[in-house]
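*Asks:* Build me a structure from this.
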Amino acid sequence: MAFSRALYFVAIVPPTAVKEQVKNMKLEIKEKFQVAHALKLPAHITLIPPVWLSEDQETQFITLLRSVSQDQSPFCIALSDFGHFKQRTIFINVVNHEPVNSLHENLLQKLSGLLPPNHPEKLHPHVTLATRDLTYQKFPKVWQEFKNGIFSAEFQVDALTLFKHNGKTWDVLEVFTFSEKN
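*Replies:* Numbering: from 1, shown residues only. Got it, this is the predicted structure:
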């Protein structure tokens, strides 16, 4: 398939049980508050936000992601309770930012030649529950449901996932399994 450019992003995708818990929370938000944008993607922790790449760059990107994953050991992620960015995004907190930020920095270094100069370098690891269609009017009601809520999950991160936008939705292009070395 020939294309000129496409949109990609890289993320950590939790195991099925956690993905289902998050999906159920997103569905509850949709039903109660008509906020559904976050349902367009499975639960994930963004490592590299969306970036436009050409077909040639896609090949390089995949090669570099494969290299990073082969040098990366698995690590544990803990999720706990809820937070928000201003009045636009509600999310599940990632407790231990260090391993995610370390992987993010490694990716930025390896992918630097393919990322635009204005690509975000800072990362606040989280799992989004509501965004984009979460209006300022709806935010207080949705946040009221979650601000004192309790959520807890832990999982082993042993891969990173490359998503590609097909023009309408995000598809998993490839999953890069980490090396088992310690």
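*Asks:* Once you drop chain neighbours, what's closest to Glu121?
*Replies:* Leu108 (6.3 Å; CB to CB, 6 or more residues apart in numbering). C-betas here are computed from N, CA, C, even on glycine.
*Asks:* burial measure for the residue nearest to Leu41 when sequence neighbours are not counted, as a count.
*Replies:* Nearest non-adjacent residue to Leu41, counting by CB to CB, 6+ apart: Trp170, 5.6 Å away. Burial of Trp170 is recorded as 18 neighbouring residues (other CB atoms under 10 Å).
*Asks:* all numbers from here: first residue = 11
*Replies:* Got it, the first residue is 11 from now on, which makes the last one we talked about Trp180.
*Asks:* For Trp180, list the residues it contacts.
*Replies:* Trp180 makes contact with 19, 50-51, 173-174, according to CB atoms under 8 Å, 6 or more residues apart in numbering.
*Asks:* Also Glu38?
*Replies:* Contacts of Glu38 by CB under 8 Å, 6+ apart: none found.
*Asks:* So the residue nearest to Glu131 sits against Pro126, correct?
*Replies:* No - applying CB atoms under 8 Å as the test, Leu118 and Pro126 come out as separate, 12.0 Å apart.
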